[in-house]
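Enquirer: Predicted model and sequence follow; I will ask about them next.
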Amino acid sequence: MMLRYALKTVRARKAGFLGAFLALMCAAALITACGTLLETGLRGTIRTERYAAAPVVVSADQNVHQSTVKRKKGKTKVKHKAKPVAERAWLPAGIGRTLAGTPGVARVIPELTFMAEPLTANGTGGRTAHGHAWESAALTPYRLTAGTAPTAATDVVVDRYLAERARLEPGDRLTVQSSKAPRSYRVSGIAAPATAVRHQTSLFFSTAEARRLAARPGQVTAFGVIADAGTDPGRLRDAVSEALRGTGAQVGSGDDRGPVEFLDAAAARTKLVSMGGAMGGTSLLVAVLVVVGTFALSVQQRLRELALLRAVAATSGQIRRLLGREALIVGAGAGTAGALAGLPLGGWLHGRFVALGAVPDTLQHTVGVFPPLAAVTATLFGAWAAARIASRRVARIRPAEALAEARAERTRPAWGRLLAGLLLLAGGAVLVALLSVLHTEPASTPVTFLAVVVLSTSVALLGPLLVTAAALLLTGPLRLTGPGGRLATANLRGNAARMASVVTPLTLLIGMTCTVLFVQPTLGDAARAQTREGIRADWVVAARGPGVPSEAARQLRTEHAVVTEVVPTTVRVGLDKYAAQGVTPAGLARTWDPGVTAGSLGGLTEHTVAVSELAADRLHLKPGSPLKLTLGDGTPATLTVTAVYAKGLGFGDLTFAHDLLARHVDNPLSRSLLVGTDRTRAQLVADLRGFPGLEVLSPAAADSLRAQRRQTDAEVGFLAMGLVLAFTAIAAVNTLAMSVSERVREFALLRLAGATRRQVLRMLGTEALSVLFLATALGSGIALAVLTSFSIGMTGRAAPAVTPLVYVTVVAGAGLLALVATALPGRVALRVRAVTVATAKE
């Protein structure tokens with residue numbers, strides 16, 4: 001019976017439920033899109049290309065492991081955790097002998113993978129270039145289509161893709177930038193893969209030259225294992241796993257070979273899980289807040305209808321069940337439509353992340369049934385919960401009071417609502433205070449957006465009081481605007497709850513947008529300031545390609561010139577990741593000053609490390625303390641702290657000697673060279689003529705280049721939160737339009753009382769500006785508190801980077817949305833004759 005009545009109500013009041021439907025549909029689409037990113041991170045396929053002919057691939061463990069033992073109530077529980085390392089981990093070459101003696105193994109092919117960038121006019125078309133030994137061509141397999149295999153140290157075989165793109169033929173010369181100085185090779189042959197290779201280009205060298213370029217004596221990247229005829233790949237994998245038990249080597253077959261080949265795709269899985277989870281969680285919180293407000297407004301607009309039901313003996317439970325079933329009906333339709341729309345949205349979002357370089361295209365976008373089902377379930381629950389919350393007051397009033405309750409809003413807010421609002425305000429204050437003691441971006445970013453949502457929720461609950469206070473504050477100025485201003489003042493006072501439902505999404509929109517736009521600049525500006533203060537070099541040598549080779553540094557280094565090579569990476573202390581760099585210790589004080597506060601950089605060697613104040617505080621270190629860590633390629637090391645420095649935000653948390661770090665990274669080329677010399681730029685350029693792709697910059701120009709790179713990284717964050725902001729903007733417009741469209745009777749009575757259309761529209765405009773003023777004040781206050789606390793925690797200074805023009809644009813955009821969403825429904829509502837509306841509503 002109640003379900004049938006709910007269906008009839010939804011059909012009869014389509015316009016009234018349209019706002020809730022749109023809000024729920026957008027929420028479902030957003031949750032589905034974030035869910036597909038999360039699912040891609042959890043089980044996205046990384047298909048192998050170069051290992052297609054090897055049924056089993058043996059590689060090194062790419063993770064750092066940590067086990068913790070917990071004892072509770074006499075029971076011992078061991079918990080294992082693992083985190084990926086930043087660089088490629090290598091295997092001892094001696095494992096090949098063990099593999100060769102394993103039953104079912106026909107052939108063991110060692111694999112070397114190292115950086116080898118062909119310097120051609122047309123580049124590689126976005127494909128990553130790697131060098132290999134020719135013996136590993138059998139893993140795909142690659143077969144010669146022209147020329148001969150490389151035998152001399154100056155021979156190279158290129159794949160067919162690169163040959164066609166660069167128009168290379170056997171006998172041509174090709175300059176290759178590897179981990180060493182650029183070198184010219186003779187193209188001895190062209191090879192074509194037996195299977196499709198779409199994401200990389202391969203250069204094959206002689207075995208001796210490949211080992212020289214890889215610079216990993218006694219180590220290999222991986223082993224490809226070829227089975228005997230008739231041996232099942234599954235049995236081969238089991239036999240190899242048994243033979244390598246206890247060595248720490250990883251054995252992969254099928255799709256497990258892809259992560260060995262494409263390390264960046266494997267690392268992107270973790271990034272997508274984190275990004276999808278953060279976006280999905282924020283989206284869900286925003287959706288709940290917005291949908292509750294939308295349903296509250298919908299129920300408030302139906303108070304007269306619900307009051308009549310109570311007056312004709314409908315019980316409180318029946319009213320709640322009616323509203324709950326209506327919400328479920330709307331939620332089911334909106335959730336289904338939103339989930340379907342969210343699937344292509346997730347694909348578009350993944351494509352944008354690939355275009356920005358945040359996710360490699362080797363990690364295939366994966367779509368299953370879980371994200372749409374989760375979105376529909378969350379939408380149904382959110383709609384039902386929102387309806388229950390919104391119906392609490394109307395369902396609990398006595399029938400005799402129902403009609404009177406429907407005529408006007410309560411002048412006093414409910415104590416429960418007031419208490420909940422104050423508790424959330426206190427919770428938001430705690431989160432803001434917590435931000436000031438969080439010093440890492442992964443820890444502080446989720447708290448930042450959670451604080452905005454919690455404080456905005458407190459605004460939603462305390463909204464009627466805030467609107468009433470704003471009305472008192474604006475009474476004087478609004479009266480000066482004429483009859484429209486006086487009517488707007490009366491509406492703000494008499495319909496505070498309705499106005500509060502409009503203030504909430506606008507507050508959230510302004511607060512969230514300002515936070516998203518100014519978090520990264522706050523961090524980036526502080527880092528740039530520290531970098532500018534710490535660079536003492538006269539010139540900076542940067543590379544347009546993969547980096548600056550050490551040979552270029554030796555070319556510039558003279559008795560009167562200090563050259564500092566800088567190699568970046570990340571390392572792990574325990575399971576925690578730290579940004580690190582390797583620098584040349586000799587003459588370091590001439591080119592680089594990180595603000596040493598304890599110890600001395602003069603003691604920086606391959607057995608010592610310098611740490612930032614933040615890292616020293618977290619790890620309880622001081623000069624002379626031992627530090628156990630795992631280098632980028634998984635190599636464990638124990639070093640002694642030689643110095644503590646202040647400028648960790650600009651220069652990373654850990655600083656090593658260059659030669660130590662360069663042996664444990666995939667790309668040992670320097671990110672830049674810091675040159676301290678009295679020579680001119682032209683003289684340095686002349687010395688670097690033999691190194692293509694290098695440019696000599698002033699420290700200021702190099703700082704601008706770093707700022708451009710940081711901006712590219714920030715675009716990923718803007719894109720990640722852009723959908724949430726778009727949803728919030730849609731919700732704000734939706735709520736404003738709902739608020740205005742249901743005031744047809746009010747406008748008719750004003751018309752009959754002598755108000756003109758222009759005066760009514762002016763009243764609406766004044767109301768919108770008043771609401772915008774309050775939302776701007778609240779949203780800006782929330783964003784300022786959160787950003788200031790974030791700045792204190794991350795930079796040590798209460799100086800958030802707020803760009804006035806950007807801030808004004810945000811407020812102007814919110815104002816434009818508010819005015820359009822008010823004016824258009826208002827004009828539509830005023831088209832109907834006032835007498836007709838008044839008579840129909842009676």
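Expert: Happy to help now that I have it.
Enquirer: buried stuff in stretch 267-281?
Expert: The neighbour-count check on stretch 267-281 (16 or more other Cβ atoms under 10 Å) flags 267-269, 271-281 as buried. In this view, the C-beta of every residue, glycine as well, is placed from N, C-alpha and C.
Enquirer: from the residues you listed, which ones fall inside helices?
Expert: 267-269, 271-281 (DSSP state H).
Enquirer: packing partners for the longest helix along the chain?
Expert: In the chain, taking DSSP H as the definition, the longest helix is helix 699-741. Secondary structure elements in contact with helix 699-741, counted by 3 or more Cβ pairs under 8 Å, 6 or more residues apart in numbering; DSSP states H and E, are helix 14-43, helix 263-301, helix 316-356, helix 496-534, strand 539-543, helix 804-829.
Enquirer: can you list the ones you listed in TSV and add distance to Lys577 and mean pLDDT?
Expert: Shown next, in TSV, are the helices and strands packed on helix 699-741 (distance: least, Cβ to Cβ, whole Å; pLDDT from 0 to 100):
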stretch	distance to Lys577	mean pLDDT
helix 14-43	17	82
helix 263-301	10	76
helix 316-356	20	86
helix 496-534	17	84
strand 539-543	25	93
helix 804-829	31	86
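Enquirer: Need the phi and psi values for Gln555.
Expert: phi -70, psi -40 (degrees, to the nearest 10).
Enquirer: how much space between Arg212 and Ser178?
Expert: 9 Å (Cβ to Cβ, to the nearest Å).
Enquirer: Same check on Val806?
Expert: 44 Å.
Enquirer: and what of Gly248?
Expert: Taking Cβ to Cβ, one finds Gly248 at 28 Å from Ser178.
Enquirer: ok, these two, which is more surrounded?
Expert: Each of Gly248 and Ser178 has its neighbours counted (other Cβ atoms under 10 Å); Ser178 has more, 25 against 14.
Enquirer: who's in contact with that one?
Expert: Applying Cβ atoms under 8 Å, 6 or more residues apart in numbering to Ser178 gives the contacts 114-117, 131, 213.
Enquirer: Then Thr655?
Expert: Contacts of Thr655 (Cβ under 8 Å, 6+ apart): 580-583, 594, 604, 609-611, 645.
Enquirer: any chance of those in TSV, plus secondary structure?
Expert: Below are those laid out as TSV (DSSP: H, G, I helix; E, B strand; the rest coil):
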residue	secondary structure
Ala580	strand
Gln581	strand
Gly582	strand
Val583	strand
Pro594	coil
Leu604	coil
Val609	strand
Ala610	strand
Val611	strand
Tyr645	strand
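Enquirer: between these, which is nearest Ala29?
Expert: The shortest gap between Ala29 and any of those belongs to Ala580, at 40.4 Å (Cβ to Cβ).
Enquirer: Tell me what that closest one is bridged to.
Expert: Thr569, Leu654 (DSSP bridges).
Enquirer: how close does it sit to Asn63?
Expert: With Cβ to Cβ as the criterion, Ala580 and Asn63 are 18 Å apart.
Enquirer: Quick one: the strands in the stretch 301-450 of the chain, in order.
Expert: Here the stretch 301-450 of the chain has no strands by DSSP state E, counting those that start in this stretch.
Enquirer: Tell me where the model's unsure across it.
Expert: When residues are selected by pLDDT under 70, those of the stretch 301-450 of the chain lie in 301-304, 313, 390, 392-414.
Enquirer: Quick check: which of the helices and strands packed on helix 699-741 is nearest to Phe381?
Expert: So among the helices and strands packed on helix 699-741, helix 316-356 is nearest, using Cβ to Cβ, at 8.2 Å.
Enquirer: Which neighbouring elements make contact with the closest one?
Expert: helix 2-12, helix 14-43, helix 263-301, helix 303-311, helix 370-396, helix 699-741.
Enquirer: let's see it at 7 Å
Expert: Counting contacts by 3 or more Cβ pairs under 7 Å, 6 or more residues apart in numbering; DSSP states H and E, helix 316-356 packs against helix 2-12, helix 14-43, helix 303-311, helix 370-396, helix 699-741.
Enquirer: Can you say which of those is packed in most?
Expert: helix 14-43 (a mean of 24; mean count of other Cβ atoms under 10 Å).
Enquirer: In terms of secondary structure, what does it contact?
Expert: helix 263-301, helix 316-356, helix 370-396, helix 699-741.
Enquirer: what's the closest of those helices to Pro464?
Expert: Closest among the helices and strands packed on helix 14-43, using Cβ to Cβ: helix 263-301, at 11.2 Å.
Enquirer: so how far is the closest one off the chain centroid?
Expert: 13 Å (Cα atoms, centre = their mean, to the nearest Å).
Enquirer: ok, then the element right after the longest helix of the chain?
Expert: helix 744-752 (DSSP states H and E).
Enquirer: Using a markdown table, please lay out the helices and strands packed on helix 14-43 together with distance to Asp159.
Expert: Below are these laid out as a markdown table (distance: least, Cβ to Cβ, whole Å):
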| stretch | distance to Asp159 |
| --- | --- |
| helix 263-301 | 20 |
| helix 316-356 | 22 |
| helix 370-396 | 37 |
| helix 699-741 | 29 |
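Enquirer: These: which one's closest to Gly126?
Expert: In terms of Cβ to Cβ, the element of the helices and strands packed on helix 14-43 nearest to Gly126 is helix 316-356, at 10.4 Å.
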